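Chemist: requesting a structural model of the entry that follows:
(2 chains)
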Amino acid sequence: MKIVKIEGLTKRFGDIIALDNINLEIEEGEIYGLLGPNGAGKTTAINIICGLLNIDKGKIYVFEKEIREDPDFIKRNIGIVPQDIAIYGDLSAYENVCFFASLYGLKGKELKESVEMALEFVGLIDKAKEMPNRFSGGMKRRLNVACAIAHKPKLIIMDEPTVGIDPQSRNHILESVKKLNKMGSTIIYTSHYMEEVEAICTKISIMDHGKIIAEGTKEELISMVTDTNTTFITVGSVVGIDEEKLKEITGVKAVEINENVVKIISSRDVCNLDKIIQYFTSKDIPIKNIKSEIPDLETVFLTLTGRKLRD
Amino acid sequence: MGNLALLINNTLKLFIRKKSNVFLLLMTIAVSLIFLFLGFADNSQLKIGIVNKDNSEISKDLIKSLQKTDKFKIIFLDEKEIIEKVSRGNVDSAVIIPYGFGEGLIKNDIEKIEIISIKGEDVTILLKNYLNQEIANLLGLAFASEGNREIFNNMYEAYKNYPFNLKTELVKDETKSILATRRSLGFFIMFLMVNTTSIANLILQEKRDKTFYRVLASPVKPKTYLLSNFLLNVFVALLQIVIILLLLALLLGLNLNKSLFEIFLVLVSFAIVSISLSMMIISFSPSTNYASNLTTLIVTPTCMIGGVFWPVNMMPKLLQKLSDFMPQKWAIDAIDKLQTGSGFSDIYINIATLLAFAGVFMLIAIYKINRSEKMSDFV
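Modeler: Numbering: from 1, shown residues only, chains lettered A, B, ... in the order given. Got it, this is the predicted structure:
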């Protein structure tokens, strides 16, 4: 089942084109990453999926229903974790989750159990009666997540949920995303931290200037921009190294020697590191350091846009 | 309906958990009552300058009757001094009894007494009441004597010697009560305007804290959210109106009982204007601070021009015309009318005008809110 299907979506704010002819499909059960720098259009896309913004052009289907067909049903089955912490400082953690969950129609015992479960899930059950004004940034972020999941939505949208928090809370949230996915929710996860998207997402779209410039799994995206790995080997002395012999090793495409560093470029689909090391040991050339440069999403973004993600 | 009740309950919870909001509500009632008590406690005598051009026995007796009350201190003036004394505040008001006043009165063709003041109705109404009462009695005698001087003189002597003072002691002077109630309700109206804005401001606060975004991402429609704030505002205003009217009418035994329900209607109509105005203010305001400043900028001058602090008729003609565009004027005017014995038939135009103000403000607010899809709100 396609949880979200977007066809030719365009959204303008005055003269600014926030989304420019976007097309994407999100299958049920995926953790779908929207990766892009600030202002790429990720939040606008999310606001449109949530029914908070009107569109200028295109069609959007959520849970296989056209978005204007049954907005109540769609909203009822979506949980949103906004980019900004959206909680009431003057209501306790319990009251916050309870209020938002009740807006989705939960009542009585079901409401109480769902609220407790959500607080338990984010590790705040012990702080249920405390006011969020006294919480750390990370705890507020976790409460922000709890408010979005208490009504057990089929689709959870997390818009940069880890901005400005400590590593412990970040790991907690990333683990929560995986758990929620295992429990049956489809996740849309936006971030400009490529490490997060690489770590948890099963499929990724890279956005820039309101357009989707690439889509696929992490491996598919990397293979779009390069088919090689680069290995840097630092040696005690380069005397006796035969570049031609190194090139004869399976998969090696090019060799460059620069002072004490030998740069070897190999095909990505060939594992040849053991043979390269064997060459140096057979020549009694001491290896001081080995560094492999594996392309990541940052490389992909840089290659596709000519800019870094956090520029 | 379910979400509407949830939203009202949540907004009420947020409102009362902020101590400053509760303080403001209590202060509204307290300040209104303080002004009421101050109005009653003001027992100082009014200094009345008198120029008696007539010098007849009747005019002298009229002045004596004023002196007999403990309300006025009489200072005899020369006509040339009047402007100077009034403008310098040496006297609160000046009275000129014209030539032939006594003679005219006997013939039932009275020369009008002139009252000069720069302090407005607060001062002159009391004086007018006393003079009107006394002159009305004398005119009654003149009417009964059918212009016959001898009959009039006999009746006048009898009137002077008859212990009418017993009767006048029984008549309750409500002038002060009317003025005090008017001033008290005037200040109540002003505070009501501030209070309604503080509740409407919660919308901006929720926008700032992004909870507005989360609420709208749930199956709550924007109009339901706005309606919940409006209804809570109406509820809090109703509560304040009921408390203040009960305190005025029951606790202090003021003469509102005859028109208590009508005054309630006027205040509720004004509260709806005030809430609509505050909705309009927040629809134009990007932040809570901006809304607070805009409220002060609107409330204070419109209260001045609308007759909350002083009577409209003591302002220049231009401002008097301008006051027709101030909802406060229509509310105060209705309260004045009701206090001086008018009924609903005399104030329904005031109520209709107030509701028209509310309609216009609300339409502008809805139009503005519907059109605001700022990029900065969402991206």
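Chemist: from now on I want contacts and neighbour counts done on CA atoms only, so please keep to that.
Modeler: Fine.
Chemist: A:Tyr207: which element?
Modeler: Small correction: residue A:207 is Met, not Tyr. Using DSSP states H and E, A:Met207 maps to strand A:203-208.
Chemist: so which elements touch that strand?
Modeler: On a contact count with 3 or more CA pairs under 8 Å, 6 or more residues apart in numbering or on different chains; DSSP states H and E, strand A:203-208 meets strand A:31-35, strand A:211-216.
Chemist: got CSV for those, with mean pLDDT and distance to B:Gln328 too?
Modeler: Converted to CSV, these look like this (pLDDT from 0 to 100; distance: least, CA to CA, whole Å):
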stretch, mean pLDDT, distance to B:Gln328
strand A:31-35, 92, 55
strand A:211-216, 90, 54
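Chemist: okay, those, which one's buried deepest?
Modeler: The highest mean neighbour count among the helices and strands packed on strand A:203-208, using mean count of other CA atoms under 10 Å in any protein chain shown, belongs to strand A:31-35: a mean of 27.
Chemist: tell me what angle that one forms with strand A:211-216.
Modeler: Here strand A:31-35 runs at an angle of 140 degrees relative to strand A:211-216 (axes from the mean of the first three to the mean of the last three CA atoms, to 10 degrees).
Chemist: does chain B have contacts with the very next helix or strand once past strand A:31-35?
Modeler: Using DSSP H and E, the helix or strand that directly follows strand A:31-35 along the chain is helix A:42-49. Yes: under the criterion of CA under 8 Å from any CA of the partner chain, chain B is reached by helix A:42-49 at A:Thr43, A:Thr44, A:Asn47.
Chemist: checking B:Lys47 next. Helix, strand or coil?
Modeler: strand (DSSP: H, G, I helix; E, B strand; the rest coil).
Chemist: now A:Ile257
Modeler: Put simply, A:Ile257 is strand when judged by three-state DSSP.
Chemist: ok, it - contacts?
Modeler: A:Val238, A:Lys263 (CA atoms under 8 Å, 6 or more residues apart in numbering or on different chains).
Chemist: gap between it and B:Glu157?
Modeler: Between A:Ile257 and B:Glu157 the computed distance is 135 Å (CA to CA, to the nearest Å).
Chemist: between strand A:211-216 and the strand holding A:Met207, find me the angle.
Modeler: On the basis of the same axes, to 10 degrees, strand A:203-208 is oriented at 160 degrees to strand A:211-216.
Chemist: for stretch A:120-138, how far is the first residue from the last?
Modeler: Using CA to CA, one end of stretch A:120-138 lies 15 Å from the other.
Chemist: now do the buried residues in that stretch.
Modeler: For stretch A:120-138, burial by neighbour count (16 or more other CA atoms under 10 Å in any protein chain shown) applies to A:Phe121, A:Val122, A:Gly123, A:Leu124, A:Ile125, A:Lys127, A:Ala128, A:Glu130, A:Met131, A:Pro132, A:Gly137, A:Gly138.
Chemist: make CSV out of those residues and add distance to chain B.
Modeler: Putting the buried residues of stretch A:120-138 into CSV (distance: CA to the nearest CA, whole Å) gives the following:
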residue, distance to chain B
A:Phe121, 20
A:Val122, 18
A:Gly123, 21
A:Leu124, 20
A:Ile125, 21
A:Lys127, 19
A:Ala128, 17
A:Glu130, 14
A:Met131, 12
A:Pro132, 13
A:Gly137, 14
A:Gly138, 17
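Chemist: how about the residue in the stretch 201-311 of chain A positioned nearest to chain B: what's its closest non-neighbour residue?
Modeler: The minimum distance from the stretch 201-311 of chain A to chain B, using CA to the nearest CA, falls at A:Gly210 (11.5 Å). The shortest distance from A:Gly210 to any non-neighbouring residue, by CA to CA, 6 or more residues apart in numbering or on different chains, is to A:Leu19 (4.1 Å).
Chemist: cool, A:Thr230 as well?
Modeler: If the residues on either side of it in the chain are set aside, A:Thr230 comes closest to A:Ile265, at 4.5 Å by CA to CA, 6+ apart.
Chemist: sec struct for A:Leu91, please.
Modeler: Put simply, A:Leu91 is coil when judged by three-state DSSP.
Chemist: now for the residue nearest to it when sequence neighbours are not counted: which residues touch it?
Modeler: The shortest distance from A:Leu91 to any non-neighbouring residue, by CA to CA, 6+ apart, is to A:Met131 (6.0 Å). By CA under 8 Å, 6+ apart, the residues touching A:Met131 are A:Gly89, A:Asp90, A:Leu91, A:Ser92, A:Ala93.
Chemist: distance of A:Met131 from B:Leu322?
Modeler: Counting by CA to CA - A:Met131 and B:Leu322 are separated by 49 Å.
Chemist: count of neighbours near the closest residue to chain B within the stretch 1-150 of chain A?
Modeler: Nearest residue of the stretch 1-150 of chain A to chain B: A:Ala86, at 4.7 Å (CA to the nearest CA). Per other CA atoms under 10 Å in any protein chain shown, the neighbour tally for A:Ala86 reads 25.
Chemist: same check, this time on B:Tyr156
Modeler: Look at B:Tyr156: counted by other CA under 10 Å, it has 18 neighbours.
Chemist: ok, it touching B:Ala144?
Modeler: No: with contacts counted by CA atoms under 8 Å, B:Tyr156 stays clear of B:Ala144, the gap being 11.0 Å.
Chemist: where's the residue at minimal distance from the centre of chain A, which helix or strand?
Modeler: The centroid of chain A falls nearest to A:Val197 when counting by CA atoms, centre = their mean (2.5 Å). A:Val197 is located in helix A:194-200, with elements delineated by DSSP H and E.
Chemist: what bridges to A:Ile206?
Modeler: On the basis of DSSP bridges, A:Ile206 is bridged to A:Leu35, A:Ala214.
Chemist: enumerate the residues of chain A near chain B.
Modeler: So far as CA under 8 Å from any CA goes, chain A lies against chain B at A:13, A:39, A:41, A:43-44, A:47, A:50-53, A:71-72, A:75-76, A:80, A:82, A:84-88, A:90-91, A:99-100, A:102-104.
Chemist: switch the cut-off to 7 Å
Modeler: A:13, A:43-44, A:50, A:52, A:72, A:75-76, A:84, A:86-88, A:90, A:103-104 (CA under 7 Å from any CA of the partner chain).
Chemist: pick out the most distant pair among these.
Modeler: Distance extremes for these: the farthest pair is A:Phe13 and A:Asp90 at 33.9 Å, using CA to CA.
Chemist: which one of those two is surrounded by more residues?
Modeler: A:Asp90 (17 against 13).
Chemist: distance of that one from A:Asn96?
Modeler: Note on A:Asp90: its distance to A:Asn96, by CA to CA, is 9 Å.
Chemist: mind checking the SS state of the nearest residue to A:Cys98 once chain neighbours are set aside?
Modeler: Closest residue to A:Cys98 apart from its sequence neighbours, by CA to CA, 6+ apart: A:Val115 at 5.9 Å. Recorded secondary structure, A:Val115: helix (three-state DSSP).
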